[in-house]
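Participant: What would the 3D arrangement of this be:
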Amino acid sequence: MIGETSPLLLLETLLKYPGRIIHELHSGRRPTLTLWSLVLALTGMAIYGVVVGSLAGGTQLWVAPAKLALGTLLSVLICLPSLYIFTCLVGIDVRIRTVAGALFASVCLSSLLLIGFAPVAWIFSQSTDSVAFMGTLHLLFWMLGMIFGLRLLSGMTRFLGGTESAHLKTWALIFIVVCLQMTTTLRPILGHSDHFLPAEKQFFLTHWLESLGGKR
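Facilitator: Okay, the predicted model is just below:
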């Protein structure tokens with residue numbers, strides 16, 4: 001059980017006893033838990049964004065954190081309704097507040113892992129100018145964080161009496177694709193640019209291929 005809701009206690013519980021987070025969210029006894037999970041998730045993404053922006057330096061030191069936090073928030077809000085619908089289709093009787101809290105906690109856990117990888121990413125950002133290499137490294141760290149974060153949603157399903165299903169696995173894939181597209185929509189995040197936002201629309205795979213080819 002989580003006593004008084006506090007940021008440090010929430011982070012420690014997420015790392016050691018993530019099942020307790022689901023229990024508290026479902027019981028509804030800690031209404032501020034959902035909000036704290038979102039705030040800490042966005043803060044964690046912003047902190048890691050400083051490391052991402054350190055490759056280019058200058059204005060990217062604040063632009064990258066802002067874009068990562070904004071992109072994470074938009075991705076979560078875009079995918080939350082479908083997560084609630086898919087959860088209901090699995091046969092789980094749950095409130096949308098519980099689903100939202102579990103999603104926010106999952107992203108918060110992912111951001112914690114990213115912060116753990118931040119020193120490694122910073123070392124490479126100070127020793128190489130390769131946008132392609134750093135982009136690949138950041139993507140690898142993000143995917144690792146996302147895998148562990150989404151496991152919390154699987155834990156929610158089991159805790160509430162559901163079973164693993166194609167519904168939630170499909171949603172997880174959709175969420176990952178939305179997050180990846182958001183990084184392209186809000187580009188540039190990693191490298192230099194004369195514009196705060198891109199002037200043209202582009203699919204994230206196309207953008208990556210052009211970046212690897214040295215066009216961007």
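Participant: So which helix or strand of this protein has the lowest pLDDT on average?
Facilitator: helix 204-212 (a mean of 77; mean pLDDT, DSSP states H and E).
Participant: now that one, how far from the chain's geometric center?
Facilitator: On the basis of Cα atoms, centre = their mean, to the nearest Å, the separation between the geometric centre of helix 204-212 and that of its chain is 21 Å.
Participant: That helix: which residues count as buried?
Facilitator: By neighbour count with 16 or more other Cβ atoms under 10 Å, helix 204-212 contains the buried residues Phe204, His207, Trp208, Ser211. Where C-beta positions appear, they are placed from N, C-alpha and C, glycine not excepted.
Participant: now, among those residues, which is nearest to Leu168?
Facilitator: Phe204 (22.8 Å; Cβ to Cβ).
Participant: residues in contact with the closest one?
Facilitator: Leu180, Gln181, Thr183, Thr184 (Cβ atoms under 8 Å, 6 or more residues apart in numbering).
Participant: what does Leu114 give?
Facilitator: The contact partners of Leu114, taken as Cβ under 8 Å, 6+ apart, are Gly44, Met45, Tyr48, Phe141, Trp142, Gly145.
Participant: which of the residues you listed tops the neighbour count?
Facilitator: Tyr48 (29 neighbours; other Cβ atoms under 10 Å).
Participant: in this structure, which spans are helices?
Facilitator: 7-16, 18-27, 32-53, 60-89, 96-125, 131-159, 166-185, 204-212 (DSSP state H).
Participant: As TSV, these with distance to Phe196 would be great.
Facilitator: Formatted as TSV, the helices of the chain follow (distance: least, Cβ to Cβ, whole Å):
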stretch	distance to Phe196
helix 7-16	31
helix 18-27	36
helix 32-53	13
helix 60-89	7
helix 96-125	21
helix 131-159	18
helix 166-185	13
helix 204-212	17
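Participant: So which of these is nearest His195?
Facilitator: Using Cβ to Cβ, those put helix 60-89 closest to His195, at 10.9 Å.
Participant: same for that closest one, what does it pack against?
Facilitator: If you count contacts as 3 or more Cβ pairs under 8 Å, 6 or more residues apart in numbering; DSSP states H and E, helix 60-89 packs onto helix 32-53, helix 96-125, helix 166-185.
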